[in-house]
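Engineer: Turn this into a structure:
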Amino acid sequence: MAVWLESLITATPQEGFELAITLSRKGVGYTQPSPEAREALRGGYANDADALTAASQVIATNFQTVAAANNYWRD
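Structural biologist: Have a look, this model is predicted:
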């Protein structure tokens, strides 16, 4: 498997948030490696407020990790 995550360090909080989203999406891809299966499931959660809230919570958790790794972007 190719290395795609070299570091959690980012230049800005915006880049950190985008990394958190990438981490979350990659987690889904590792959990369900079939693109066809993920596409088939998408309709079930796309309009489900609870599922979308859960996805947001995963992103928030990953953002906390990235922010801590970046010392909350303090100099």
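Engineer: Ala49 and Gln57, how far apart?
Structural biologist: 13 Å (Cβ to Cβ, to the nearest Å). For glycine as for every other residue, the C-beta is placed from the backbone atoms N, C-alpha and C.
Engineer: Of the two, give the one with the bigger neighbour count.
Structural biologist: Gln57 (11 against 8; other Cβ atoms under 10 Å).
Engineer: Please, where are all the strands along this protein?
Structural biologist: Using DSSP state E, the chain contains no strands.
Engineer: List the buried residues of the longest helix seen in the chain.
Structural biologist: Counting residues, the longest helix in the chain under DSSP state H turns out to be helix 49-69. For helix 49-69, burial by neighbour count (16 or more other Cβ atoms under 10 Å) applies to Ala55, Val58, Ile59, Asn62, Phe63, Val66, Ala67.
Engineer: Of those residues, which is the nearest to Gly16?
Structural biologist: Val66 (4.4 Å; Cβ to Cβ).
Engineer: The closest one and Glu18, how far apart?
Structural biologist: 9 Å.
Engineer: Spell out for me which residue occupies the centre of this protein.
Structural biologist: By Cα atoms, centre = their mean, the chain has its centre lying nearest to Ser24, at 2.1 Å.
Engineer: OK, contacts around that residue?
Structural biologist: For Ser24, the contact set (Cβ atoms under 8 Å, 6 or more residues apart in numbering) comprises Ala55, Val58, Ile59, Asn62.
Engineer: give the contact list for the third one.
Structural biologist: With contacts taken as Cβ under 8 Å, 6+ apart, Ile59 has the following neighbours: Phe17, Ala20, Ile21, Ser24.
Engineer: mind listing which of the residues you listed are in helices?
Structural biologist: Phe17, Ala20, Ile21, Ser24.
Engineer: Alright, I will stop here.
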